[in-house]
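Asker: Got a predicted structure here, sequence first:
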Amino acid sequence: MLDIQVARRQGNFQVDAAFQTRNTGITALFGPSGAGKTSVINMVAGLSRPDRGRIVVGDRVLFDSDPGINRPPEKRSIGYIFQDGRLFPHLTARGNLTFGMKLTPRSQRFIGLDQVVGLLGIEHLLDRRPARLSGGEKQRVAIGRALLTSPRLLLMDEPLASLDLALKSEVIPFIGKLPTALSIPIIYVTHSIEEVLHLADDMVLMHCGKSVAAGEMPEIIHSPKFQEVIGRQEAFSMASMVVKIHDQSVGLTLLQGPVVCLKVPLMKCAVGEAIRVRIRARDVAIALEPPSKTSVQNILEATIEKVNLLDSSLVDVVLNVGFPLLAQVTIKAKNDLKLTVGQKVFALIKSMSILADGMNDISNPSCNFSCSSRIRATSPAGRRTNASV
Amino acid sequence: MGAFFLTALEVESLRLSLWVSGWAVVASLPAGIAVAWVLARLRFPGKVLLDGLVHLPLVLPPVVTGYTLLVIMGKNGILGSLLQKTIGLSFSFNWKGAALASAIMAFPLLVRAVRLSIETVDQGLEAAARTLGARPLRVFFTVTLPLIMPGVLAGVILCFARSLGEFGATITFVSNIPGETRTLPLALYTLTQVPGGEASALRLCIISVLLALMALVGSELMARRLHQRLKG
């Protein structure tokens, strides 16, 4: 288990984070730019010193301000993958990969060069210098370099931020493979909701230097705090689904969820593949009776669990459709339909509004079915603006 | 025809010059890199003073530097007598003194070149090396030093070329002794002081120019190759 409690003052900015993570899987450290995410993992790695706090990885205390423990970075066994790669320009890819490996005692190594090279698909790059690697190739070598130190914890600081969409999709599958290939925890810093949905099991939410919520993904995604951070307009629900059938004749793919099925425009993913879908709250409509003649493909029976007033014109309605589904409607609509907690209603979702940010989506461009609308909906610039309001 | 051949005396002064300059570079390089690193990376009270001290030989009259050396490092100097007694190392009126004078005079040039290149090294790379398990000293030798090699090379060449031309501090500190401290510039100076030395002086003059030119061209070529290596 990871136990992290750190506080540090940087000029006028106070970083104050406290969270715990499980021993395996990817924990996303999520928040808008400038939320203090990188500061936190720099402290975990030992690159900067907290004013006070405690950092424990497994059974090893790496930092504790009370007894005055502060292990230097080289004694922490923490792999760090930087946003800008930071490959050594004077060494080849092979030289970069083995730099840390050679400094790790043989008895402590749990992964070898051949294994890492195979896992990341970098055989053909070994004799090149970083100047002759593409951005995505650099990041894969950087991941391999960190893995080869056989770390007890892997920190990734927006490893995809400097890559364009095509290069992102080149690197994402390799990151997705890590949790099953190694049984070490990974802390993944990002401000991208797509990346979180692709990769993360758990999530720590950072805002203005503070860690404001931590827990499993769906729990945090549906929490009001998360909506506050990403902006009310961008609020969404997520559900884990499995691709069930491709119906070529009508051009729809059927996704099987925990209770309900969802129809989405035809996808090219393999049947049986697990994906995560995202439905924005403002794309969900509510009806008291199932409309008989409508273009809306997904009409789900729902129970109202909560009705929260957002502002002078909007309300948030939390529906239970087998998973929590968030709907944003106007106060007038709420009054007209007399929506109350416990009421049985129908949730209407256009198939176009179900966004599959699942594992296979960006990583396999052929899987895109509403790519343009999705990119517009969640462009980082737009999200940042909303989050900082 | 004989005008194109060097006399034994000229060859000796050339050999001595190369020898003295070589030692000046070798002896001052570790200290030069260390001081450059301290000036580039550390913040401490009195840093301005250290910076000034290092650069002093650049602006002082060389005679002053040479005389100061004579006072401190000479046979009866504070440090000179101590070194003589403890490890039997003497700098007075021998080639070691000439090398010391050259090293001191060229030191600011070496430090400047190395310091500039240390300041351009991305400290993020050093932090990355730390997270990969390297202690600070190893980081320096495996990451920082290879990255500043072009700067070190430039510093070495500058230092060597400056040492070849060193005159004032040398003649003040260790005098002008044939075969011991009469380096190329000192020999040239001596030749201009006696009648009939013009041909000899001209030859030494040409050699000086050629040596300096070779050093500069050589350093440029090596810097290019190093740069090429970093570019892949």
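Answerer: In hand now; what should we look at? Numbers count the residues shown, from 1 in each chain, chains lettered A, B, ... in the order given.

Asker: use CA for all of it now, contacts and neighbours both
Answerer: OK.

Asker: Close to chain A: what parts of chain B are there?
Answerer: Neighbours of chain A within chain B, by CA under 8 Å from any CA of the partner chain: B:124-125, B:127-135, B:143, B:146-147, B:229-232.

Asker: 10 Å instead, please
Answerer: Contact residues (CA under 10 Å from any CA of the partner chain) of chain B with chain A: B:122-136, B:142-144, B:146-147, B:226-227, B:229-232.

Asker: distance between the ends of stretch A:10-28?
Answerer: With CA to CA, to the nearest Å as the measure, the first residue of stretch A:10-28 is 23 Å from its last.

Asker: Could you give the residue of chain B that lies closest to chain A?
Answerer: Across chain B, the shortest distance to chain A (CA to the nearest CA) belongs to B:Gly133, at 3.9 Å.

Asker: Enumerate every residue touching B:Val111.
Answerer: B:Val111 sits next to B:28-29, B:31-37, B:39, B:51, B:54-55, B:151-152, B:155-156, B:159 when contact means CA atoms under 10 Å, 6 or more residues apart in numbering or on different chains.

Asker: ok, how many other residues are close to A:Asn308?
Answerer: For A:Asn308, the count of nearby residues is 12 (other CA atoms under 10 Å in any protein chain shown).

Asker: Read off the pLDDT value for it.
Answerer: Looking at A:Asn308, its pLDDT reads 86.

Asker: now swap in A:Asp247 and tell me
Answerer: Reading off the confidence values, A:Asp247 has pLDDT 89.

Asker: List phi and psi for it.
Answerer: phi -100, psi 90 (degrees, to the nearest 10).

Asker: Not counting sequence-adjacent ones, nearest residue to it?
Answerer: Closest residue to A:Asp247 apart from its sequence neighbours, by CA to CA, 6 or more residues apart in numbering or on different chains: A:Thr253 at 5.8 Å.

Asker: Buried residues in stretch A:235-254, which are they?
Answerer: A:235-246, A:252-254 (16 or more other CA atoms under 10 Å in any protein chain shown).

Asker: Can you report how many residues neighbour the residue of the stretch 201-350 of chain A found nearest chain B?
Answerer: Of all residues in the stretch 201-350 of chain A, A:Gly209 sits closest to chain B, at 22.3 Å by CA to the nearest CA. Counted by other CA under 10 Å, the residues lying close to A:Gly209 total 21.

Asker: Now do the contacts for it.
Answerer: Counted by CA under 10 Å, 6+ apart, A:Gly209 has contacts A:7-9, A:13-17, A:31, A:34-37, A:39-40.

Asker: Greatest separation within the residues you listed: which pair is it?
Answerer: Distances among the contacts of A:Gly209 were taken as CA to CA; the most separated pair is A:Arg9 and A:Gly31, at 18.6 Å.

Asker: quick one, helices of the chain?
Answerer: Since no chain was named, I'll use chain A. A:37-45, A:93-101, A:113-120, A:135-147, A:165-181, A:193-199, A:217-221, A:224-230, A:331-337, A:359-363, A:371-377, A:380-388 (DSSP state H).

Asker: Switch to chain B, please.
Answerer: B:8-41, B:47-59, B:62-73, B:78-87, B:95-119, B:123-131, B:136-139, B:145-164, B:168-174, B:184-193, B:198-231.

Asker: packing partners for the shortest one?
Answerer: Under the contact criterion of 3 or more CA pairs under 10 Å, 6 or more residues apart in numbering or on different chains; DSSP states H and E, helix B:136-139 touches helix B:123-131.

Asker: and the helix it packs on, what's its mean pLDDT?
Answerer: 96.

Asker: ditto for stretch B:222-229
Answerer: Taken as a whole, stretch B:222-229 carries a mean pLDDT of 80.

Asker: Run through who's touching that stretch.
Answerer: Here stretch B:222-229 makes contact (CA under 10 Å, 6+ apart) with A:89-91, A:129, A:131, B:146-154, B:217-221, B:231.

Asker: from these, which would you call buried?
Answerer: By 16+ other CA under 10 Å, the contacts of stretch B:222-229 give A:89-91, A:129, A:131, B:146-154, B:219-220 as buried.

Asker: out of those residues, who's nearest A:Arg152?
Answerer: A:Leu91 (25.3 Å).

Asker: Now for the closest one: which residues touch it?
Answerer: Applying CA under 10 Å, 6+ apart, the residues near A:Leu91 are A:Leu97, A:Phe99, A:Asp127, A:Arg128, A:Arg129, A:Pro130, B:Thr142, B:Val143, B:Pro146, B:Arg229, B:Leu230, B:Gly232.

Asker: Now a ChimeraX select for only the buried ones of these.
Answerer: Entered in ChimeraX, the line below selects the buried ones among these, by 16+ other CA under 10 Å:
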select /A:97,99,129,130 /B:142,143,146,230
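
Asker: quick one: which of the helices of chain A has the weakest pLDDT on average?
Answerer: Taking the mean pLDDT of these, helix A:371-377 comes last: a mean of 30.

Asker: re the thing from before, out of the contacts of A:Leu91, the closest to A:Ile275 would be?
Answerer: A:Leu97 (32.5 Å).

Asker: Test my guess that that closest one contacts A:Leu126.
Answerer: Yes. If you go by CA atoms under 10 Å, A:Leu97 and A:Leu126 touch, sitting 8.7 Å apart.

Asker: and stretch A:36-54, which residues are buried?
Answerer: Buried, per 16+ other CA under 10 Å, within stretch A:36-54: A:36-47, A:49-50, A:52-54.

Asker: filter those down to the ones close to chain B.
Answerer: Residues of the buried residues of stretch A:36-54 in contact with chain B (CA under 10 Å from any CA): A:Asn42, A:Ala45, A:Gly46, A:Leu47.

Asker: For A:Gly36, which non-adjacent residue is closest in space?
Answerer: Of all residues not flanking A:Gly36 in the chain, A:Gly209 sits nearest, at 4.7 Å (CA to CA, 6+ apart).

Asker: cool, B:Ala215 as well?
Answerer: B:Ile157 (6.2 Å).
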